[in-house]
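In: Curious how this folds, go ahead:
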Amino acid sequence: MKEVAVLYGGISAEREVSLATGGQVIEALRDAGFDVRPIEVGPDLTTLITALTPAPDVVFNALHGRFGEDGSIQGVLDWLGIPYTHSGVRASAIAMDKQAAKALFVAAGLPVAKGRVMPVAELLDADPMPLPYVIKPVNEGSSVGVEIMRHGGNRRAEIAAGWRFGTEALVEEYVPGRELTVGVLGDRALTVTDITPADGFYDYEAKYADGGSVHALPAKVHPTIFAQAMEIALRAHQALGCRGATRADMRYDDTAGEPGRLVLLEVNTQPGLTQTSLLPEQAAYLGMSFPALCAWMVANAACRV
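Out: Below you'll find the predicted structure:
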């Protein structure tokens with residue numbers, strides 16, 4: 001029986017999400033017939049390495065956020081020579097750096113939002129672009145720290161003064177319309193989900209709270225847009241050099257009528273695997289159970305790639 005160590009928890013702002021993901025993955029892998037070694041990850045790297053000794057056959061990386069999906073833990077596992085799920089060091093690091101990922105997407109001819117990385121201090125004095133626009137941390141996931149600046153709002157200076165995500169921020173145009181997402185497994189885009197947040201903004205709470213959002217799949221969008229979303233997700237996965245499972249998040253601006261336009265926001269190299277998560281939902285729609293999805297990820301684990 002193959003032994004799989006599941007890493008979950010971690011030290012990022014997404015620790016609670018990772019704990020939820022890890023709990024469900026552990027149960028699913030046991031249902032799939034694997035010998036599972038749960039490892040709750042904390043701040044001590046020596047403790048983690050000790051927990052990985054002797055080495056398991058595979059590590060299932062159920063960590064989210066910094067140090068879990070930014071190439072850090074991937075580098076440790078490469079050093080130890082242990083195959084692990086999801087993307088390798090390079091793809092993970094680039095995908096987590098929103099500006100670096102955008103540069104690759106542009107080079108690949110994929111549609112992205114207009115914007116730039118700028119010192120947060122500059123936001124104290126004036127709007128850097130016409131309203132509305134979005135302020136994002138450069139290296140966070142799950143919409144942590146994302147703020148929308150709208151007409152009539154006066155929170156820009158307050159947000160800048162309280163910014164806790166480094167000295168820089170990514171400022172982008174606000175793209176109106178709908179939130180779409182597409183999961184990718186290997187060389188296959190799954191389907192398109194249309195997400196309707198309960199409060200109008202697909203933030204951290206909308207992603208993970210019960211009732212935070214409504215998912216419609218397959219999305220009822222113009223056929224041209226559906227096909228484009230599938231193609232963009234797969235091409236973005238390939239442009240970053242990802243492996244295993246990813247999820248591409250997009251905005252669909254249909255406010256001026258169909259077919260409208262798509263804008264790629266980001267690729268998540270460690271898609272959530274909780275009860276409200278999108279990738280398992282898409283896999284289930286296509287007939288793949290959650291244990292089968294987790295088993296597929298284990299089967300496609302690799303090292304030093």
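
In: Could you use CA atoms for every contact and neighbour count after this?
Out: Noted.

In: Averaging pLDDT per element, find the lowest-scoring helix or strand in the chain.
Out: The weakest-scoring helix or strand in the chain, judged by mean pLDDT, DSSP states H and E, is helix 204-208 (a mean of 48).

In: where in this structure is pLDDT low?
Out: Scanning the chain for pLDDT under 70 picks out 140-143, 198-212.

In: swap the cut-off to 50 and go again
Out: For the chain, the stretches with pLDDT under 50 are 202-204, 206-208.

In: tell me the contacts of the most centrally placed residue in it?
Out: When Cα atoms, centre = their mean is applied to the chain, the residue found nearest the centroid is residue 268 (2.5 Å). Going by Cα atoms under 8 Å, 6 or more residues apart in numbering, residue 268 touches 95-96, 141, 246-249.

In: Can you select the buried ones among those residues for me in ChimeraX?
Out: Command for ChimeraX, covering only those of these found buried under the criterion 16 or more other Cα atoms under 10 Å:
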select :95,96,141,246,247,248,249
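
In: is it possible to export the contacts of residue 268 to a markdown table including secondary structure and distance to residue 54?
Out: Compiled in a markdown table, the contacts of residue 268 are given as follows (DSSP: H, G, I helix; E, B strand; the rest coil; distance: Cα to Cα, whole Å):
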| residue | secondary structure | distance to residue 54 |
| --- | --- | --- |
| 95 | helix | 31 |
| 96 | helix | 30 |
| 141 | coil | 32 |
| 246 | strand | 29 |
| 247 | strand | 32 |
| 248 | strand | 35 |
| 249 | strand | 38 |
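
In: Pick the one among the contacts of residue 268 closest to residue 4.
Out: residue 246 (20.3 Å; Cα to Cα).

In: bridging residues for the closest one?
Out: The residues listed as beta-bridge partners of residue 246 by DSSP bridges are residue 184.

In: Please look at it and residue 269 and confirm they touch.
Out: Yes: with contact defined as Cα atoms under 8 Å, residue 246 reaches residue 269; the gap is 4.7 Å.

In: what sits in contact with each of the two?
Out: residue 86.

In: All set now, cheers.
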